[in-house]
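Novice: sharing a sequence plus its predicted fold:
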Amino acid sequence: MSRRVRRPRVTLGIDEAGRGPALGPMVLAAVAVDGAGARALRRLGVRDSKSFGSGAAARGARAALAPRIREVACFAAIRVVELEAVDRAVGGGNLNRLEREVALALLGAAPPVARIVCDGARVFGALRAHVPHLEAVDHGEDAHVAVAAASVLAKARRDELFALIAARYAREFGPLGGGGYCNAPTRAFLQAYARRTGRLPPEARKSWPHPYLAGLLVPAGPAATPGGQLPLL
C-alpha cells in the first residue's frame, strides 16, 4: 500500500510600503513560507517593518534581513508601483483598487499555497471574490510571519529607492531625511525646492495635498488653484 506524502503547509503573506508618502513610489511584496520557514523567520527576528523605526539603523536592519528572507522563503516577489500610477489612482479614487490589482499580479506569479494573508481588511477584502481562501486582516503581521516578511521586503526596497532620491538632491538641498513621508524634513525639502523652482520635484506625488506649499507653486494651467496650490484630491 502506498503511503500518501504530506506536503508542507505553505502560507503566503502580502504587504505594502509607501502608500502614504509625498515622495517616491509604493512597493508591494509577497512572501510564502512553510512551517519550517516560518520558524526560521521568527528566529531571525522578522517582524513588522515599521517596528524597526525610520533611522539609519532601522534601514540597515531591514536591508540585512531582506536576503535572509529570500533564502528562507518558498517564494518571494516585489512589485514597485511608480508614483505616476499612484497619482492616477488617487486622482480617480482608485488607490485601493490599484493595490488589489498589484496583489493579484503577485498571487498570479506565486505557486499554489494553503493560506493567503493580506495586511489590510478594507484594502484587500474584495479579493476574496477572486481568491476565496484569502484572508484580509488588519495587523496581518500578527496573523502570520509571512506578512511581516513581506512588509520587510517591501520597506527595504522602498528604502533603497528613496535613498536614490535623497542622493539626487543632497548636493543642492542637503541631506533629505524623513523617508519622503509628510513630516518636517520632507516639508522643508519640498518648500525649498518650490521656492527655487516654483514647482514640485518629479519624484513628488502631484495628487497628494501640499497645503504647506500654498503660494510657492507656479500655476500650471486651469487645474491650478488660486495662490499656486495644487487642488486637494
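Specialist: On my side now, so go ahead.
Novice: buried ones in the lowest-mean-pLDDT helix or strand in the chain?
Specialist: For the chain, counting by mean pLDDT, DSSP states H and E, helix 140-143 ranks last in confidence among helices and strands (a mean of 90). Neighbour counts over helix 140-143 (16 or more other Cβ atoms under 10 Å) mark 140-141, 143 as buried. Quick note: C-beta positions are derived from backbone N, CA and C, even for glycine.
Novice: measure stretch 69-84 end to end?
Specialist: Distance across stretch 69-84, first residue to last, is 29 Å (Cα to Cα, to the nearest Å).
Novice: and the contacts of stretch 109-123?
Specialist: With Cβ atoms under 8 Å, 6 or more residues apart in numbering as the test, stretch 109-123 has contacts from 9-16, 30, 32, 74-75, 77, 96, 99-100, 103, 107, 124, 127, 131, 133-141, 143-144, 146-147, 150-151.
Novice: any idea of the pLDDT on residue 177?
Specialist: Predicted confidence (pLDDT) for residue 177: 90.
Novice: my bad, residue 225
Specialist: 36.
Novice: where does the prediction get shaky in this protein?
Specialist: For the chain, the stretches with pLDDT under 70 are 1-7, 220-233.
Novice: buried residues in the longest helix along the chain, which are they?
Specialist: Criterion DSSP state H: the longest helix present in the chain is helix 145-173. Across helix 145-173, burial judged by 16+ other Cβ under 10 Å covers 145-159, 161-162, 165-166, 169, 173.
Novice: re earlier: quick one: residues in contact with the least confident helix or strand of the chain.
Specialist: Under the contact criterion Cβ under 8 Å, 6+ apart, helix 140-143 has outside partners 13-15, 47-48, 117-120, 135, 137, 147-148, 151.
Novice: next up, the contacts around residue 79.
Specialist: 27-29, 102, 105-106.
Novice: and for the closest residue to residue 125 other than its chain neighbours, the neighbour number?
Specialist: Computed as Cβ to Cβ, 6 or more residues apart in numbering, the closest residue to residue 125 that is not its neighbour in sequence is residue 136, at 4.3 Å. By the criterion of other Cβ atoms under 10 Å, residue 136 has 22 neighbours.
Novice: what bridges to residue 136?
Specialist: residue 118 (DSSP bridges).
Novice: that one and residue 174: what is the separation?
Specialist: 41 Å (Cβ to Cβ, to the nearest Å).
Novice: again with residue 166
Specialist: Note on residue 166: its distance to residue 174, by Cβ to Cβ, is 10 Å.
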